[in-house]
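In: coords please:
(chains A, B and C)
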Amino acid sequence: MESIIERINNGKFWQFHGGVHPPEQKWLSNDKPIRPLELPELLVLPLQQHIGSAAKLSVDVGDYVLKGQPLTYSHMPMAVPVHAPTSGTIEKIERATIPHPSAMQEPCIYLKPDGKDKWVERAVCDDFYSLSRETIIEKIANAGISGMGGAGFPTHIKVNQKPVIDFLVINAAECEPYITSDDLLMREHSPSIIDGIKILDHLLLPGHILIGIEDNKPEAIRALQKATEGYDKVRVCVLPTKYPTGGEKQLIKALTGKEVPAGVIPGQMGIVMQNVATCYAIADAVINDTPLIKRVVTVTGQSLEKPQNVWALLGTPVEFLLSQCGYKEAENSMLVMGGPMMGFTLPSPKIPIIKTSNCVLAPSNKEIPTPSDEQECIRCGQCADVCPSHLLPQELQWSAKAKDYEQLKKLNLFDCIDCGACAFVCPSQIPLVQYYRVAKAEIRFQQVQEIKADKAKARFEARKARLEREKIAREEKHRKAAEARRAKMNANTQEASQAKSAVAAALARVKAKKGDDAQEQEQVDNTKTEQKLAVVAAVARAKAKKEAKAAQENTSSSASSPDKDRVAVARAKAKKLAKAQEADTTEVQAEDTTADNSSANDKKARVAAAVAKAKAKKKSAQSAVSSASDTTSEKAVAAKPKDANEKDDKKARIATTVAKAKAKKQSSTDIDNPAQEEITKEPVQAVSATDDKKARVAAAIAKAKAKKLAKATDVEPEVDVNESTPDNSVDDKKARIAAAIAKAKAKKQQAENK
Amino acid sequence: MTTLIAILVIGLLGALFGALLGFASVKFKVEGDPLVEQLDALLPQTQCGQCGYPGCKPYADAVANGEAINKCAPGGEDTIKKIADLMGVEPVALDESHEQDNTPKVAFIIEDDCIGCTKCIQACPVDAIIGAAKQMHTVIADECTGCDLCVAPCPVDCIEMHPVKETPQSWRWDLNTIPVTHIE
Amino acid sequence: MTYWIASSPHNHAQSSTAALMRLVILATLPGIFAQWYFFGWGNIIHISIATITALVCEFFMLSLRKRKVKPELLDGSAILTAVLIGISLPAIAPWWVAVIGSAFAIIVVKQLYGGIGHNPFNPAMAAYVMLLVSFPLQMTSWQPPLELMQFSLGFFDTLTVILTGFTPDGFSVEQLRTHIDGYTMATPLDTVKTNLTLGMTVAESTTSPIFGEHFALGWEWINIGFLLGGIFLIYKKAIPWVTPLSFLASLFVCSFIAYAISPDSASSTMFHWLTGATMLGAFFILTDPVSSATSVKGRMVYAALAGFLVFIIREFGGYPDGVAFAVLLCNMAGPLIDQYTRPRTYGHQVEK
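Out: Have a look, this model is predicted:
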């Protein structure tokens, strides 16, 4: 430990691997003082200007806000508030392009300054040593301070470290070419920066404070040395200029010789790093009670007449800064926010300055030419020589091009800090960093997908288990009920014949149900109340409408929704209806019990069941009409050929939809009819499902029936048409046979039960 | 005599190797079918059933038993390639009948139209829809796999599939999609 | 007006493959000058023939492969390959040797493997080995240095020898190779090898006039020429210093051990350094980035292996010089070496 400090005292530092020396170009802007600007006409404040999540809005459109007034409030630790940079009215709150490489649109507050620049009330604190740690952290959090060096990590979290801090590192390296904002800030406001450092000292109680600064800023070094005189804890460490010294990991290595292990944050090893601009903001916030509303921005590049550092209010459009610095538009074809090594291009000059924007670069066309064509990698290895993370960029590049993500992970792609040194030196002009970024984003995406898939799998399994449990429970219940009934029957022989038949029917129904899948079973639930019938009716109406719409669109949309599901729904409804009828009429008969219990999965059996059920329903419906006890007038209308194996049976589908459309027409004529109506879709199972013809025939029949029905309803509203059962039709032999078999079986069963 | 010896020797050898194989099959028995597990891990677990199987696991089972590897629409080409790698076969194009864009989607219930029928809840393979009978339902977006299965059962057609919105955090560095301002 | 959208970094070191290649070609000049001084115009003529062939082949291959012809043709890599082939051929080898070698290097070794950046073998050395195996007579018809030659050999003489096999005065290649004393002479390395099989010691061999005052008349200066060029390249950071250093050190150590054990059958260290293609190999062949290992550690291993192989082949192999074979063998080992010499990434394997 002491050896580190001894080394530093002797002015000796460590070396990190690689690094490059791009042309610094700092002379463009570092010879002029920081210039305050007049108010722009409009400020655009993105709600989120840092890493984490956006804070919640606390103002509304039309509100008048004072300078320094919070516009959002923090609802969670990683949310940082945004403040009004000047007084004015909130003009609108809407999505606008944010300063982010993606140039996406995110919610922004548009603030129209009133020119008065009127402050909210502030409480200046002269002696921050009297404040408690918590109060200071709260002040920092409320001032909306996030790291101002580039990443924008919320500062109040970074300074709220639990572990013992050995080193507080102040990052004043500013290694990016062109940028001089920290340099000028140090020259002009060293005392404030030192105040900020003292506050951090007070909070973190570090063993030592190291200010890392590159040797290309002699004036700033002098200013800092002067300001830190007599402050023994602080060392101003002058490092040789090399890009990227300002990288967090690289600076830590250069100053302390320690490497931050992969996947560990520096705080865990007793090191905290803060940018100088952040220190200034902390001092401003704690001492002057001024939230973060402005920052120093280097406006530079050779397409500007007067490149200079400016005090820019957050939310100032880049356009305004450029115009203030003598922008020569003709010479420029690229706007960069940040430095030339790690900054990102802006698609438009309307994008605002945010907390992390340290530079706006408007280079002339000669200065930074448009990128030339990528050539083949010649494996020269220069990229590996300059990589500060000691990676093998050319191998990463091959794997990235081949989308070999496993290999990329093995090559430690995620230790790449995007510094761009490799692409800077590449003689083949390969945009290496872009390849890595895409690959990293892709890997992250896949990881998210994998996590999601695991979760989905777990939930699916859980659901399956639950359904299984429910099924068993239900069966158990049914069995018990049946036993109870049987016991009752044996005891009381008087009503035997009636009860027995009911029991037989119930048993058969259970068996039939077993043959269908669980989903259907779920839907066959107790729906006996009138209310429910009403809902079903509404549902059916909606569906009919939907179908009609689909038909109008010439079945194009219906192609997407799977036939199978529709059929399932329809069948379920048919069953439901049949059940409802059973409740009212005791004449429900053994036709219902035709399901062949021996072959649950047998299709024919299912068809037979459906047919039989349909018949049962018809009967019950008739009885309902004749007895007139039911208030519901029924129209079972539908035709739906089902062919499970067919995917391309368009014609049949068209026919169906046409039929349905007609049904809808009919139903719409009955809308004013107060009587509840029910349109049920009865699935016609085309028995030999592969046979396209039969399905079509069935559809045609259905159509015909639908027409007939439509006619009929014109004459008489209370007609029961149950047309879709194929045994009524002329040609569906197989269906008839199946039905006959089913009937026979049902009878047999009944006989047995007797 | 020679023939007899030959028959005996061959017979003995046969018996010996048979016993050896039998012993090996018992001794080195592979528990379960890890292939199915591996296949299942490659599938996207949307449980959408578009492959014709009731979930991803059954499809993985089927693939292990020789089903075509190109039926997973949500997984798309990537998944086919991975399965092909695992199975040691040539990757094939996605089954045409399953061709669809596999951009990630999430179900969205138009809550004004929802009648609370619970049909979608029953259809959802991952229990990502919450609601009760005659109460408005909603989708837990984080749990939704975008399988599309809830759309069809909805009687009032109030479920829509929305593509998952890209955020600056999830942006995948596709610079070509950035709209560029043209200035005269 | 539209703003450019690009990924960072936006500035660039303005280096390019073509500039790198130009620099390397430039650096071969001292060696070529020495060759010219001691062996006449032969190699310069071969370089020209090889260059023209290489460019023509490159043009055709790029057109066939539907690549952008201009940037890849002019990136200098084909020219460099041709120059290296021209340098390594015997000065009075027939013209078609250069043509075949150059065409083979470009068409088969470079373009068929996917063009620049994708060839697993060094094209020049692969071509050299192919020629050596296919045309052993032509490829070993080394002439003695000019000052030891029986006949004078001007530019015109050399040209006609290369084109027709005879000088205008009617001397054949065989006659040209005749030593001042009437012997047919090979290279110093060849001489040592032959003499060893005849039972002579190395010390006895070196009394031969082709060894000159120091190690090998002419060859030593050619090697020094390439050494100078190589140092220039290292100074310009066009090639890594690790590779040549490791190669020379390895060769030095191997030959030193052998010499220490058996001075009669092993040549001296400096002899190894300054004869044959040692310096050319060290600075111009092994440093070919495409076919060498990529990491610093990898290059070290790669070059050390090459040095060892060169020594083994020179001492125990059937051929007098082994640089080309050693390079090809190392090219094959390159990916494997890379696999096992990955540098430690920042923050990995550090004590937490």
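
In: name the nearest residue to residue C:104, sequence neighbours excluded.
Out: Nearest in space to residue C:104, with sequence neighbours left out and distances taken as CB to CB, 6 or more residues apart in numbering or on different chains, is residue C:127 at 4.8 Å. In short, each C-beta sits where N, CA and C put it, glycine included.

In: what about the one you found, how many residues nearby?
Out: Residue C:127 is flanked by 32 other residues according to other CB atoms under 10 Å in any protein chain shown.

In: chain A versus that one, what's the distance?
Out: 19 Å (CB to the nearest CB, to the nearest Å).

In: mind listing what's buried along the helix or strand hosting that residue?
Out: With elements taken from DSSP states H and E, the one containing residue C:127 is helix C:123-134. Across helix C:123-134, burial judged by 16 or more other CB atoms under 10 Å in any protein chain shown covers C:123-132.

In: about what we covered before: make sure the residue nearest to residue C:104 is actually in contact with residue C:107.
Out: No - counting by CB atoms under 8 Å, residue C:127 sits too far from residue C:107 to count as a contact (10.1 Å).

In: following the chain past the one helix or strand in chain C whose mean pLDDT sits lowest, name the next helix or strand.
Out: Every helix and strand in chain C was compared by mean pLDDT, DSSP states H and E; the lowest is helix C:202-205, with a mean of 73. Of the helices and strands lying after helix C:202-205 in sequence (DSSP H and E), the nearest is helix C:219-235.

In: what does that following helix rub up against?
Out: Contact partners of helix C:219-235, identified using CB atoms under 8 Å, 6 or more residues apart in numbering or on different chains, comprise C:23-24, C:26-35, C:37-38, C:187-188, C:212, C:214, C:239-241, C:244, C:273-276, C:278-280, C:282-284, C:287.

In: just to revisit the earlier point, turn the buried residues of helix C:123-134 into CSV, including pLDDT.
Out: Formatted as CSV, the buried residues of helix C:123-134 follow (pLDDT from 0 to 100):
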residue, pLDDT
C:123, 94
C:124, 94
C:125, 94
C:126, 95
C:127, 95
C:128, 94
C:129, 94
C:130, 95
C:131, 94
C:132, 92
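
In: before we move on, the earlier item: and the least confident helix or strand of chain C, what does it pack against?
Out: Using 3 or more CB pairs under 8 Å, 6 or more residues apart in numbering or on different chains; DSSP states H and E, the elements in contact with helix C:202-205 are helix C:188-197.

In: next, the angle from the helix it packs on to helix C:219-235.
Out: Using axes from the mean of the first three to the mean of the last three CA atoms, to 10 degrees, the direction of helix C:188-197 lies 130 degrees away from that of helix C:219-235.

In: tell me how far helix C:188-197 lies from the chain's centre.
Out: Helix C:188-197 sits 21 Å away from the centroid of its parent chain (CA atoms, centre = their mean, to the nearest Å).

In: got the domain ranges for chain B?
Out: As assigned by automatic domain parsing, chain B contains the domains B:34-98, B:103-166.

In: quick one: mean pLDDT for the last one?
Out: The predicted model gives domain B:103-166 an average pLDDT of 87.

In: measure it end to end?
Out: 11 Å (CA to CA, to the nearest Å).

In: show me the shaky parts of the chain.
Out: Picking chain A for this. Chain A contains residues with pLDDT under 70 at A:1-2, A:492-500, A:503, A:513-754.

In: switch to chain C, that's the one I care about
Out: Along chain C, segments meeting pLDDT under 70 span C:1, C:150, C:179-186, C:208-210, C:212-215, C:351-352.

In: let's go with 50 and repeat that
Out: Within chain C, the segments meeting pLDDT under 50 span C:352.

In: which helix in it has the most residues?
Out: Counting by DSSP state H, the longest helix found in chain C is helix C:42-64.

In: name the residues that touch that helix?
Out: The contact list for helix C:42-64 (CB under 8 Å, 6+ apart) reads C:32, C:35-36, C:68-69, C:72-73, C:78-79, C:81-83, C:85-87, C:89-93, C:95, C:97-99, C:101-103, C:105-107, C:110-111, C:115, C:143, C:158-159, C:161-162.

In: next, the buried residues of the next helix or strand after that helix.
Out: Remark: after helix C:42-64, the chain's next helix or strand is helix C:69-73, criterion DSSP H and E. The neighbour-count check on helix C:69-73 (16+ other CB under 10 Å) flags C:72-73 as buried.

In: before we move on, what about stretch B:1-21?
Out: Under 16+ other CB under 10 Å, stretch B:1-21 has no buried positions.

In: contact partners of the least confident helix or strand of chain C?
Out: Residues contacting helix C:202-205 (CB under 8 Å, 6+ apart): C:191-192, C:195-196, C:211, C:263-268.

In: could you rerun that using 10 Å?
Out: Here helix C:202-205 makes contact (CB atoms under 10 Å, 6 or more residues apart in numbering or on different chains) with C:188, C:191-196, C:198, C:211, C:259, C:262-268, C:271.

In: restrict the residues you listed to contacts with chain A.
Out: By CB under 10 Å from any CB of the partner chain, no member of the contacts of helix C:202-205 lies near chain A.

In: so residue A:408 makes contact with residue A:395?
Out: Yes - between residue A:408 and residue A:395 there is a contact under CB atoms under 10 Å: 9.2 Å.

In: so which of those two has more stuff around it?
Out: residue A:408 (25 against 22).

In: hmm, residue B:45 is touching residue B:146, no?
Out: No - the pair residue B:45 / residue B:146 is not scored as a contact, 11.2 Å apart, by CB under 10 Å.

In: before we move on, back to that, what's the helix or strand following the helix holding residue C:127 packed up against?
Out: Where DSSP H and E defines the elements, the next helix or strand beyond helix C:123-134 is helix C:136-139. Using 3 or more CB pairs under 10 Å, 6 or more residues apart in numbering or on different chains; DSSP states H and E, the elements in contact with helix C:136-139 are helix C:95-103, helix C:123-134, helix C:173-176.

In: from the chain's centroid, how far away is the least confident helix or strand of chain C?
Out: Worked out by CA atoms, centre = their mean, helix C:202-205 lies 26 Å from the chain centre.

In: what packs against the one helix or strand residue A:409 maps to?
Out: Using DSSP H and E, residue A:409 maps to helix A:405-410. With contacts taken as 3+ CB pairs under 10 Å, 6+ apart, helix A:405-410 sits against helix A:393-401, helix A:432-491.

In: got CSV for these, with distance to chain C too?
Out: Shown next, in CSV, are the helices and strands packed on helix A:405-410 (distance: least, CB to the nearest CB, whole Å):
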stretch, distance to chain C
helix A:393-401, 6
helix A:432-491, 4
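
In: ok, which of these comes nearest chain B?
Out: Between chain B and the helices and strands packed on helix A:405-410, the shortest gap by CB to the nearest CB is with helix A:432-491, which sits at 3.7 Å.

In: what angle sits between the closest one and helix A:393-401?
Out: Going by the same axes, to 10 degrees, helix A:432-491 makes 40 degrees with helix A:393-401.

In: is any residue of helix A:432-491 near chain B?
Out: Yes - Helix A:432-491 comes into contact with chain B (CB under 10 Å from any CB), by way of A:433-442, A:444-446, A:448-450, A:452-464, A:466-467.

In: selection in ChimeraX covering whichever of the contacts of helix C:42-64 are buried, please.
Out: Buried subset of the contacts of helix C:42-64, written as a ChimeraX selection, criterion 16+ other CB under 10 Å:
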select /C:32,35,36,72,73,78,79,81,82,83,85,86,87,89,90,91,92,93,95,97,98,99,101,102,103,105,106,107,110,111,115,143,158,159,161,162
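
In: tell me which of the contacts of helix C:42-64 fall in helices.
Out: Short answer: those in helices (DSSP H) are C:32, C:35-36, C:69, C:72-73, C:78-79, C:81-83, C:85-87, C:95, C:97-99, C:101-103, C:158-159, C:161-162.

In: quick one: name the residues of the stretch 101-250 of chain A near chain B.
Out: Counting by CB under 10 Å from any CB, the stretch 101-250 of chain A sits next to chain B at A:101-106.
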